[in-house]
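Visitor: give me a 3D structure for the following:
(chains A and B)
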Amino acid sequence: MNASSASAAAPTAVIADDERLMRVQIVARLKEAWPELEIVGEASNGLEAVAMVRSLEPDIVFLDISMPEMDGIQAAKALAGQVHVVFVTAYDQHAVTAFEQGAVDYLLKPAEPERVALTCQRLRERMQRKPDPMEDILEKLSQRLGAGGGGGAIGPREYMRWVQASVGANIRMIPTSDILFFRAEDKYTRVQTTTFEALIRKPIKDLLDELDPGEFWQIHRSTVVRIDAVEQVSRNFAGKQVVHVKGSGEKLEVSRTFNHLFKQM
Amino acid sequence: MTTDPSAPNSPDPAPGSMGIRQALREIRKGAIVVWWAFFDWVAVVQWKALFLVSVLGMVIGGGIFKVATLTFLLIVAAFIIKIVAGGKRRAELTASEATQRAETEQLERAVMEARMQALQAQIEPHFLFNTLASIDQLILSDPPRASKMQQSLIRYLRSAMPQMREGGRPTLGQQVDLSSAFLEIMAVRMEERLQPVMHVPEGLKSAIFPSMMLQTLVENAIKHGLEPQAAGGRLEIRAEVVDGQLAVHVIDTGRGFAPKADGGVGLANIRERLRTLYNGRAELIISVPTEGGTCATIKVPYEIAPAASAT
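Guide: Next up, the predicted model:
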């Protein structure tokens, strides 16, 4: 305490990792490599790390990449230009490649003392300058790690893959690949699979916004069918197109608006 | 059901008569093949067709080639064969066809299952490296605990590596052991953020349960349910027999299932494997418990492993 208040220039750092053992380890290694560095805070998730850096204003933050609530990449984005960042990871091949290309500093867990010493050396040099916001590389990283990193990543449009529906007393998650068709019935929408049916409150109109148009087709104002479940299309006595669904005896009428979907090639 | 009439004919053929004898044997063989082809055809042909062919035969044989008696005899023979042997022969043929089809299907299924198991069995490098990093730290701060954790890791690797898995059909006991080793490791790493609970009755441990499926559900529960949640939560493995089906549940109090999550390769893989292994008699159900989180259930027919492989 005395030492830090004596010299205002004593470097400070915040450590963020969701596993306590890993925080203990990095703190210990930093103490060996850079005794003057003062660890002013330890965070166990990304959100906490961001809040802690903003309130304590350390010079450096060590960010684990995979953390709950907000991952290390997102946290770094939120703190761009405010602090020097060192990423920490046990295994993120994508990230490591990107770090190397973008000259971003990182540590691999378990951190080897020599490697920590090198990082500290670089940090002392980096601290002569203003923190680099690293915009390009962070953008690239959050795209690449999107699926695994969780939270707020920008990716291609995501469609509904599961339908949450009541089946008896339970709420079940039905994979869209199990669904034969959706059909509007009174206030509800019926979800039909080969083995059971379920009712959901979401109207067809809203479902259409969320379903993958490459997987489901609307064939009637009140009917949406999974294309792979269509066995054949015939005409009924009134000359209307009728869709026969695999694994279901039900025949679904195609309204005139959607006739073009089943035109002969 | 092809006949093999390679009868032990002449004992030691003289060199001179070789050609004739061989020719005769060939003719005999040919005749037998033709006869059985005729027999099979008669056995499976529809009565109406047989009748029509008979009439046609009478007209052609009797009217045009003037061999009415021979044709008539042949037709009578055909009808007798049809009446006497038709049903049996037809059943035999369909049976052999079905066996053949079943064998191909089974083979295809086995190949598919092997391929999928290989896919399923990948050990997460993320898990491995993080665990090794934790052990590295514990060696300094708490050596006895480090040793325990390393033993859990060895136990996990032993059962998770495909080439190290024991032969025979996997039991629920083996699968639970594998997942408890994994959970012991994760509990050291996540500390109070992970509370594992086991409710697997001893008596169910010898039941047959496909490999690595429970582990996939446990990994999913941690990765998508508990790890993304700052407070963590409870993870329960529960097994029970309901209506002759073995139901294994993995329940977590985590973040819950996102409808847009693609469900990962893991769940799709389980579904596909259940289909190939059990042909519609098994299922994977994802549901949402009333208190939140996720419940994943695998139901398979309840079968006890033979005593020898249960140990």
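Visitor: make it CA atoms for all contacts and neighbour counts henceforth
Guide: Will do.
Visitor: output the helix or strand hosting B:Ala49 as CSV, restricted to C-alpha atoms.
Guide: Secondary structure assigned from DSSP states H and E places B:Ala49 in helix B:47-57. Provided in CSV are the C-alpha atoms of helix B:47-57 (Å, rounded to 0.1, in the frame of the first residue of the first chain):
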residue,chain,number,x,y,z
TRP,B,47,-52.4,-67.9,-60.3
LYS,B,48,-53.9,-65.6,-63.0
ALA,B,49,-50.6,-65.3,-64.8
LEU,B,50,-50.0,-69.1,-64.5
PHE,B,51,-53.4,-69.7,-66.0
LEU,B,52,-52.8,-67.3,-68.9
VAL,B,53,-49.4,-68.7,-69.7
SER,B,54,-50.9,-72.2,-69.6
VAL,B,55,-53.6,-71.2,-72.2
LEU,B,56,-50.9,-69.6,-74.3
GLY,B,57,-48.7,-72.7,-74.0
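Visitor: quick one: distance of it to the chain centre.
Guide: Distance of helix B:47-57 from the chain centroid (CA atoms, centre = their mean, to the nearest Å) equals 45 Å.
Visitor: next one: stretch A:94-110
Guide: With CA atoms, centre = their mean, you get 20 Å for stretch A:94-110.
Visitor: gap between the two ends of it?
Guide: Using CA to CA, to the nearest Å, the end-to-end distance of stretch A:94-110 comes to 18 Å.
Visitor: pLDDT weak spots in chain B?
Guide: B:1-18, B:113-122, B:162-167, B:259-264, B:307-311 (pLDDT under 70).
Visitor: follow-up on the earlier one: buried set for the helix holding B:Ala49?
Guide: Buried residues in helix B:47-57, counted by 16 or more other CA atoms under 10 Å in any protein chain shown: B:50, B:54, B:57.
Visitor: and the stretch 1-150 of chain B, which of its residues are near chain A?
Guide: B:125-126, B:129-130, B:132-134, B:136-138 (CA under 8 Å from any CA of the partner chain).
Visitor: which of those sits closest to B:Ile286?
Guide: Of all those, B:Ile286 sits closest to B:His126, with 25.3 Å by CA to CA.
Visitor: which stretches in the stretch 1-150 of chain A count as strands?
Guide: For the stretch 1-150 of chain A, the strands defined by DSSP state E, counting those that start in this stretch cover A:12-16, A:38-43, A:60-64, A:84-89, A:106-108.
Visitor: switch those over to CSV; also include mean neighbour count, mean pLDDT and distance to chain B.
Guide: Converted to CSV, the strands of the stretch 1-150 of chain A look like this (neighbours: other CA atoms under 10 Å in any protein chain shown; pLDDT from 0 to 100; distance: least, CA to the nearest CA, whole Å):
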stretch, mean neighbour count, mean pLDDT, distance to chain B
strand A:12-16, 24, 96, 13
strand A:38-43, 19, 96, 11
strand A:60-64, 26, 94, 11
strand A:84-89, 23, 92, 8
strand A:106-108, 20, 89, 9
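Visitor: and those strands: which comes nearest B:Glu191?
Guide: Comparing the strands of the stretch 1-150 of chain A by their distance to B:Glu191 (CA to CA), the top pick is strand A:38-43, with 15.2 Å.
Visitor: hang on, B:Ala239 in a strand?
Guide: Yes. Checked against DSSP: H, G, I helix; E, B strand; the rest coil, B:Ala239 lies within a strand.
Visitor: any idea how far chain A is from it?
Guide: To chain A, B:Ala239 is 18 Å away according to CA to the nearest CA, to the nearest Å.
Visitor: what comes into contact with stretch A:207-218?
Guide: If you take CA atoms under 8 Å, 6 or more residues apart in numbering or on different chains as the criterion, stretch A:207-218 is touched by A:159-161, A:224-228, A:258.
Visitor: just the buried members of these?
Guide: The neighbour count (16+ other CA under 10 Å) marks A:159-161, A:224-227 as buried among these.
Visitor: for B:Arg169, state which of the residues you listed is nearest.
Guide: Relative to B:Arg169, and with distances defined as CA to CA, the nearest of those is A:Arg161, at 32.7 Å.
Visitor: pretty sure the closest one contacts A:Ile179?
Guide: No. Assessed by CA atoms under 8 Å, A:Arg161 is found out of contact with A:Ile179, at 10.5 Å.
Visitor: so what's residue 43 closest to, chain neighbours aside?
Guide: Picked chain A for this. Excluding its sequence neighbours, the residue lying closest to A:Ala43 (CA to CA, 6 or more residues apart in numbering or on different chains) is A:Ala16, at 4.5 Å.
Visitor: wait, chain B
Guide: Distances taken as CA to CA, 6+ apart put B:Gly86 closest to B:Ala43, at 4.1 Å, once the chain neighbours are dropped.
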